[in-house]
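Undergrad: here is the input, now give the coordinates:
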Amino acid sequence: MMVIAVENAPPRLRGRLSLWLAKVRAGVYVGVFSRRVRERIWSEVLMMIGDGNAVIVWSAPTDSGFAFEAVGENRREPADFDGLTLVRFKPASSSSL
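TA: Okay, the predicted model is just below:
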């Protein structure tokens, strides 16, 4: 299983994702595909995301049971802690305080 969540994505990317995956909420797409197809879909996201951001999560044989990648500007970023991938928050920029 895989989930892709996008923010500020161009309409053509949202339309493309809707062709392959079920849109369960605004910007959240779910599907079950092989690794090869998942990587192909993610490569399309990388090419079309523009100024937006996206994250892909998929089932994997890890301690947490899943793996993920992210692209674009977001306060959340993946961080490896002794082989376990967790999410950490970047500090808020001084301009947003």
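
Undergrad: residue nearest the centroid of the chain?
TA: The residue at the geometric middle of the chain, judged as the C-alpha nearest the mean C-alpha position with Cα atoms, centre = their mean, is Val55 (1.2 Å).

Undergrad: quick one: it from Arg14, how far?
TA: Distance of Val55 to Arg14, computed by Cβ to Cβ, to the nearest Å: 15 Å. All C-beta atoms are positioned from the backbone trio N, CA, C, and that covers glycine.

Undergrad: ok, Arg75 next?
TA: Arg75 is 22 Å from Arg14, by Cβ to Cβ.

Undergrad: give me the more crowded residue out of those two.
TA: More neighbours sit around Arg14 than around the other of Arg75 and Arg14, counting by other Cβ atoms under 10 Å; the figures are 16 against 13.

Undergrad: helix/strand/coil for that one?
TA: Look at Arg14: counting by DSSP: H, G, I helix; E, B strand; the rest coil, its state is helix.

Undergrad: thank you, goodbye.
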